[in-house]
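Asks: sequence and predicted structure, then a few things I'm wondering about:
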Amino acid sequence: MKHYFLQSCVAILLVTGGCKSGKKAPDVSQIPVHVSIERFDTALFALDTNNLQPGVSRLHVAYPVFLPVYFAEIMNMGAYSDSSLGVQQQLKRFLTNPDFRQLEKDVARKYADLSQLQTGLTEAFRYTKYYIPSFRPPKVITFISAIANYGAITVDSILGIGLDMYMGEDFPPYSRIPDYPDYMIHRFAPEYIVANCMQVLQQQLYPAARTSGGLLEQMIEAGKQQYFLAAVLPATPDTIRFGYTKDQLQWCHDNEKMIWQFFVQNNLLYNTDWQQINHFMTDAPSTQGMPEGAPGKIGYFVGYRIIEKYMNAHPETTVQQLMEMKNLLEIFKEAKYRP
């Protein structure tokens with residue numbers, strides 16, 4: 001079983017921010033999609049901590065696929081079984097910890113009403129079904145990860161949302177965690193949820209090849225993902241999808257030619273050194289080696305621009321066909337990208 005975890009450091013956004021791109025969105029209002037959101041977080045914290053075993057067993061019946069993954073992979077409590085004393089002991093410590101109980105109360109208060117999230121997911125799933133007719137909307141479950149940086153995950157046909165990673169950048173516990181710099185905390189907000197969810201769903205629907213190739217291929221793969229997100233989230237500003245500020249996105253557009261020349265002149269496009277590639281493909285406040293103003297994961301911007309050029313040159317190509325394309329260098333050749 002393969003799971004896709006989106007840790008919030010690679011998050012993207014939903015409603016407010018910079019400019020929007022792409023063609024006029026199709027009318028998807030008649031596509032039947034029903035989304036209900038189940039509160040695993042609430043059910044977990046409602047357990048009787050003085051008699052955990054029967055309560056956990058009932059929870060396992062209700063969430064047979066998600067609960068073992070939650071204990072083992074999200075909370076690192078070990079493999080779950082009904083008779084696992086070690087898991088129960090760790091769970092009791094977690095559920096009785098005053099800080100985590102307060103966290104649950106804060107999450108429950110902020111997310112007492114999930115109707116806006118439900119509406120956002122419904123709309124995104126409709127667009128996904130329009131472009132990918134075989135798409136089956138997942139079961140949606142919310143959880144708390146003890147601020148362990150799990151924003152959205154997929155487990156088989158389940159989409160899990162870690163609500164404690166979307167409490168808003170002014171949520172005091174975030175600033176107390178050294179691993180979370182300000183540029184990341186800025187994106188720990190409710191507006192990011194739907195786009196993060198669609199990112200992990202895209203990764204599940206169209207996993208990247210195990211042999212990822214060089215930097216150029218990885219940029220194009222990232223560009224395909226960004227194109228998918230733009231299609232299924234047509235109201236989402238580009239700043240949100242990329243996780244850039246308005247100034248950073250403007251810098252990318254103003255310096256697109258210079259960015260491309262940087263890759264060409266430094267012979268980076270076909271570089272397969274993962275450490276070099278990470279400079280341009282992983283989240284960071286800036287891109288090492290580039291002038292001030294260059295945002296992190298700048299390869300996503302370049303990849304998206306290549307895909308835009310390709311799709312403009314091949315308007316007959318559908319989103320699904322694009323997602324299914326494996327020859328990334330052929331996409332590059334056909335795009336004729338020369339900023």
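Replies: Noted; the coordinates are in hand. Numbering: from 1, shown residues only.
Asks: any stretches of the stretch 151-300 of the chain with poor pLDDT?
Replies: The model of the stretch 151-300 of the chain has pLDDT under 70 over residues 210-212.
Asks: all helices of it, in order?
Replies: 172-175, 182-185, 193-205, 215-232, 238-242, 246-254, 256-265, 274-281, 298-313 (DSSP state H, counting those that start in this stretch).
Asks: turn these into TSV, including distance to residue 147.
Replies: In short, each C-beta sits where N, CA and C put it, glycine included. Shown next, in TSV, are the helices of the stretch 151-300 of the chain (distance: least, CB to CB, whole Å):
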stretch	distance to residue 147
helix 172-175	6
helix 182-185	11
helix 193-205	15
helix 215-232	25
helix 238-242	22
helix 246-254	26
helix 256-265	34
helix 274-281	25
helix 298-313	25
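Asks: which one of those lies closest to residue 64?
Replies: When the helices of the stretch 151-300 of the chain are compared by CB to CB, helix 193-205 sits nearest residue 64, at 19.1 Å.
Asks: other SSEs contacting that closest one?
Replies: Secondary-structure packing of helix 193-205 (3 or more CB pairs under 8 Å, 6 or more residues apart in numbering; DSSP states H and E): strand 3-6, helix 115-131, strand 152-155, strand 158-162, helix 215-232.
Asks: same list (the ones you listed) but as JSON lines, adding distance to residue 40 and mean neighbour count.
Replies: Below are the helices and strands packed on helix 193-205 laid out as JSON lines (distance: least, CB to CB, whole Å; neighbours: other CB atoms under 10 Å):
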{"stretch": "strand 3-6", "distance to residue 40": "15", "mean neighbour count": "19"}
{"stretch": "helix 115-131", "distance to residue 40": "15", "mean neighbour count": "19"}
{"stretch": "strand 152-155", "distance to residue 40": "12", "mean neighbour count": "24"}
{"stretch": "strand 158-162", "distance to residue 40": "8", "mean neighbour count": "25"}
{"stretch": "helix 215-232", "distance to residue 40": "25", "mean neighbour count": "24"}
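Asks: between those, which one is nearest to residue 55?
Replies: strand 158-162 (20.1 Å).
Asks: sheet partners, orientation included, of that closest one?
Replies: Applying DSSP bridges, strand 158-162 is found paired with strand 139-143 (parallel), strand 152-155 (antiparallel).
Asks: quick check: mean pLDDT of stretch 331-339?
Replies: Here stretch 331-339 scores 97 as its mean pLDDT.
Asks: now do it: distance to the chain's middle.
Replies: 27 Å (CA atoms, centre = their mean, to the nearest Å).
Asks: buried stuff in it?
Replies: For stretch 331-339, burial by neighbour count (16 or more other CB atoms under 10 Å) applies to 331, 332, 335, 337.
Asks: inside strands: which ones of these?
Replies: Among the buried residues of stretch 331-339, none falls in strands (DSSP state E).
Asks: okay if I get the residues you listed as CSV plus distance to residue 48?
Replies: Formatted as CSV, the buried residues of stretch 331-339 follow (distance: CB to CB, whole Å):
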residue, distance to residue 48
331, 56
332, 58
335, 59
337, 60
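Asks: how close does residue 231 get to residue 190?
Replies: The gap separating residue 231 from residue 190 is 23 Å, by CB to CB, to the nearest Å.
Asks: likewise residue 59?
Replies: 26 Å.
Asks: likewise for residue 309?
Replies: In terms of CB to CB, residue 309 sits 34 Å off from residue 190.
Asks: go on, residue 230?
Replies: Noted for residue 230: a distance of 21 Å to residue 190, by CB to CB.
Asks: residue 203 too?
Replies: The value you get for residue 203 to residue 190, if CB to CB is used, is 22 Å.
Asks: before we move on, what about residue 289?
Replies: Taking CB to CB, one finds residue 289 at 34 Å from residue 190.
Asks: neighbour count winner among these two?
Replies: Ranked by neighbour count (other CB atoms under 10 Å), residue 289 and residue 190 place residue 190 first, with 18 against 12.
Asks: thanks again, I'm all set now.
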